[in-house]
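Visitor: here is my input; please provide its structure:
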Amino acid sequence: MRTSLRVGITGAVAAAAALTSGTTAQATPPGPGVTARLISQITVGDTDYTVREVTIPPGQATGWHYHGGPVYGYVKQGTLTHYHSDCATDGVYPKGTVVREPGGPTDVHLGRNLGDTPLVLEVLYVLPHGSAFSEDVPNPGCDFE
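Guide: Down below sits the predicted model:
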């Protein structure tokens with residue numbers, strides 16, 4: 001099932017790329033030590049579909065943020081610990097699992113790598129055309145970054 005989802009997401013983006021031309025969405029800077037590599041991007045109508053590989057080093061986090069639309073992540077390596085703005089963990093996602101973030105300013109969250117190996121995510125962003133990948137927000141009052 002997980003492989004099917006990954007293949008389906010990649011196939012959908014590749015098919016859309018073959019049928020239309022893409023444009024570049026604006027990215028917000030990653031948090032300290034976090035890197036992202038563009039894999040594929042396409043615009044269909046007024047929606048940007050972008051696949052990126054995001055790497056979070058051990059002990060690092062994404063920073064508090066939200067997305068302008070839904071985001072789907074596949075944990076390729078490591079373990080993602082995910083928090084919402086109430087400071088509670090809403091999930092721990094090991095290698096081979098999928099996480100979904102619904103998007104919008106009411107979905108403020110943070111991803112952390114509490115492990116000792118890099119966390120690598122393959123992420124599909126489904127965003128309004130021209131939107132940033134994420135919108136940074138202040139820490140909502142949690143005792144961790």
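Visitor: once you drop chain neighbours, what's closest to residue 83?
Guide: Once flanking residues are discounted, residue 83 sits nearest to residue 110: 4.7 Å by C-beta to C-beta, 6 or more residues apart in numbering. Bear in mind the C-beta positions are built from the backbone N, C-alpha and C, glycine included.
Visitor: residues in contact with the one you found?
Guide: Residues counted as contacts of residue 110 (C-beta atoms under 8 Å, 6 or more residues apart in numbering) are 61-65, 82-83, 142, 145.
Visitor: now do residue 90
Guide: Residue 90 touches 82-84, 109, counting by C-beta under 8 Å, 6+ apart.
Visitor: gap between it and residue 83?
Guide: 7 Å (C-beta to C-beta, to the nearest Å).
Visitor: find residues that contact each of those two.
Guide: Counting by C-beta under 8 Å, 6+ apart, the residues touching both residue 90 and residue 83 are residue 109.
Visitor: partner residues bridging the residue positioned nearest the centre of the chain?
Guide: Central residue of the chain (C-alpha atoms, centre = their mean): residue 123, 4.7 Å from the mean position. Beta bridges link residue 123 to residue 52, residue 73 when assigned by DSSP bridges.
Visitor: and the two most separated of the contacts of residue 90?
Guide: Across those, the longest distance by C-beta to C-beta is 7.8 Å; it joins 82 and 84.
Visitor: find residues that contact each of these two.
Guide: Overlap of the contact sets of residue 82 and residue 84 (by C-beta under 8 Å, 6+ apart) consists of 90, 109.
Visitor: can you count the residues close to the closest residue to residue 34 other than its chain neighbours?
Guide: Leaving aside its chain neighbours, residue 34 sits nearest to residue 56 (5.2 Å; criterion: C-beta to C-beta, 6+ apart). By other C-beta atoms under 10 Å, 25 other residues sit near residue 56.
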